[in-house]
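Engineer: Fold the stuff below for me.
(one chain, ligands or ions: 1)
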Amino acid sequence: MPVDDVMPDHTLQPLKTLAEQLPGLLFQLHRSPGGHMHFPYLVGSGRRLLGVAPERLAGDASLAFEQLDETDYPRWMASIERSARWQTPLMGKFRLSTREGHDRWIAVRAQPEEVESGTLWHGIMLDISEQVAEEERLRLLSDTDSLTGLANRRKLLQRLDEEISLSNRHALPLSLVILDLDHFKHINDSWGHLKGDDVLINLAHYIRDLLRREDFLGRLGGEEFALVLPLTARGNAENLAERLRERIAAHDFALEDGKITVSMGIAEHRVGEDRNRLLERADSNLYAAKHQGRNQVVASR
Ligand SMILES: Nc1nc2c(ncn2[C@@H]2O[C@H](COP(=O)(O)OP(=O)(O)OP(=O)(O)O)[C@@H](O)[C@H]2O)c(=O)[nH]1
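Structural biologist: Below is the predicted model of the structure:
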């Protein structure tokens with residue numbers, strides 16, 4: 001039953017004024033047993049987000065649902081079905097593409113009621129785009145190394161775990177490369193810590209630009225980086241690492257006559273192997289590369 005029918009006027013007017021201040025809208029959504037939906041009641045400034053005149057939505061809700069992102073649409077239709085069938089609250093969020101071309105995130109919470117003519121939901125939609133953007137900013141911050149802008153250790157290990165689980169499930173090749181700057185202490189000592197930082201930043205960007213999109217580069221810590229190479233067997237990882245090593249040794253990092261070189265240890269994941277064992281094997285190959293004179297790639301163990 002629409003709100004206007006049950007509320008006295010003196011209560012209704014403040015409610016409407018209040019709703020106009022909401023970053024969203026209050027609504028009733030009706031669904032007939034045959035599946036036709038319409039919005040008998042819509043109030044609040046957020047109505048304009050739906051991009052369709054409320055009078056038209058009063059006859060046909062599908063005009064609003066058509067604005068949903070193509071991945072959200074089937075999900076929401078299924079949620080509405082479920083909520084009607086089990087009389088459970090309808091809740092979640094979806095993305096709306098507005099006419100101005102910005103995506104907005106809308107949160108919905110609605111309670112279904114069985115009525116003679118089908119199901120009637122009473123609910124609220126709120127524009128939560130700012131909160132979602134803030135969550136995304138914090139997520140990025142917690143995943144990013146602040147000096148180089150690469151994935152940090154936490155994110156890198158998380159990605160490695162995901163790739164290991166894919167590799168275990170589908171027996172797909174996966175390689176890990178650990179890359180460490182040679183004699184970096186000497187660079188800091190000779191040119192200062194700030195220059196050392198510049199070298200780390202430039203090296204990170206230089207390597208990233210040489211990689212494919214599927215390859216994942218992160219900073220493990222200090223002057224140590226790691227490359228996760230999905231769908232890459234040891235031989236191919238070795239070719240890539242060798243190419244990187246040569247390019248880095250030839251690159252001008254603006255250190256007057258100083259050159260930058262790197263050592264790398266490679267390990268290809270073995271089905272069933274856990275992350276720590278894989279890291280240990282790559283690390284021990286890196287140690288061998290350092291021990292054998294640096295500026296080289298080792299993939300043997
Ligand atoms: N500028 C700068 N230096 C860092 C950073 N993190 C670690 N370092 C320095 O990296 C150096 C690492 O030194 P070592 O572990 O002795 O290694 P190395 O001198 O590269 O020698 P090898 O790895 O054996 O070739 C130390 O001087 C650290 O202070 C950083 O974020 N910025």
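
Engineer: what about Ser209, how many neighbours?
Structural biologist: Quick fix: residue 209 reads Asp, not Ser. 7 (other C-beta atoms under 10 Å). Bear in mind the C-beta positions are built from the backbone N, C-alpha and C, glycine included.

Engineer: Name the helix or strand for it, please.
Structural biologist: helix 193-210 (DSSP states H and E).

Engineer: Helix or strand next in line after that helix, which one?
Structural biologist: Counting by DSSP H and E, what follows helix 193-210 is strand 216-221.

Engineer: helices and strands around that following strand, which ones?
Structural biologist: Counting contacts by 3 or more C-beta pairs under 8 Å, 6 or more residues apart in numbering; DSSP states H and E, strand 216-221 is packed against helix 153-170, helix 193-210, strand 224-230.

Engineer: let's go with 10 Å and repeat that
Structural biologist: helix 153-170, strand 174-181, helix 193-210, strand 224-230 (3 or more C-beta pairs under 10 Å, 6 or more residues apart in numbering; DSSP states H and E).

Engineer: quick one on the thing from earlier: list of residues touching the helix holding Asp209?
Structural biologist: 145, 147-150, 179, 181, 184-192, 215, 217-219, 222-223, 225, 227, 240, 243-244, 247-248, 251-255, 258, 260, 262 (C-beta atoms under 10 Å, 6 or more residues apart in numbering).

Engineer: ok, now stretch 123-132?
Structural biologist: Contacts of stretch 123-132 with the rest of the structure, by C-beta under 10 Å, 6+ apart, involve 19, 22-29, 42, 44-47, 49-50, 64, 89-91, 93-96, 98, 102-112, 134-135.

Engineer: and the residue of the stretch 1-150 of the chain nearest the ligand?
Structural biologist: Leu147 (5.6 Å; C-beta to the nearest ligand atom).

Engineer: What are the phi and psi values at that residue?
Structural biologist: When quoted as degrees, to the nearest 10, the phi and psi of Leu147 stand at phi -80, psi -50.

Engineer: wait, it sits on Arg219?
Structural biologist: Yes - the pair Leu147 / Arg219 is scored as a contact, 7.6 Å apart, by C-beta atoms under 10 Å.

Engineer: hang on, the earlier thing: any of the contacts of helix 193-210 buried? List them.
Structural biologist: By neighbour count, with 16 or more other C-beta atoms under 10 Å, these hold 145, 148, 150, 179, 181, 184, 187-188, 191, 215, 217-219, 223, 225, 227, 240, 244, 248, 260, 262 as buried.

Engineer: where in the stretch 1-150 of the chain is pLDDT low?
Structural biologist: Within the stretch 1-150 of the chain, the segments meeting pLDDT under 70 span 1-7, 99.

Engineer: residues from it in reach of the ligand?
Structural biologist: Within the stretch 1-150 of the chain, the residues that sit near the ligand (C-beta under 6 Å from any ligand atom) are Leu147.

Engineer: I'd like to know how many residues surround the residue of the chain found nearest the ligand.
Structural biologist: Proximity to the ligand, evaluated over the chain using C-beta to the nearest ligand atom, is greatest for Gly196 at 2.7 Å. When neighbours are counted by other C-beta under 10 Å, Gly196 registers 20.

Engineer: again with Arg82
Structural biologist: By other C-beta under 10 Å, 13 other residues sit near Arg82.

Engineer: same deal with Tyr206?
Structural biologist: Applying other C-beta under 10 Å, we find 15 residues neighbouring Tyr206.

Engineer: Any figure for the gap between it and Ala107?
Structural biologist: For Tyr206, the distance to Ala107 (C-beta to C-beta, to the nearest Å) stands at 42 Å.

Engineer: Find the nearest non-adjacent residue to Leu157, please.
Structural biologist: Excluding the flanking residues, the one nearest Leu157 by C-beta to C-beta, 6 or more residues apart in numbering is Arg275, at 6.8 Å.

Engineer: Got the confidence number for that neighbour?
Structural biologist: Confidence at Arg275, expressed as pLDDT, is 96.

Engineer: wait, doesn't it sit right on Leu174?
Structural biologist: No - between Arg275 and Leu174 there is no contact under C-beta under 10 Å: 11.1 Å.

Engineer: ok, back up a step: is it possible to get CSV of the helices and strands packed on strand 216-221 that adds mean pLDDT?
Structural biologist: Below are the helices and strands packed on strand 216-221 laid out as CSV (pLDDT from 0 to 100):
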stretch, mean pLDDT
helix 153-170, 96
strand 174-181, 98
helix 193-210, 96
strand 224-230, 98
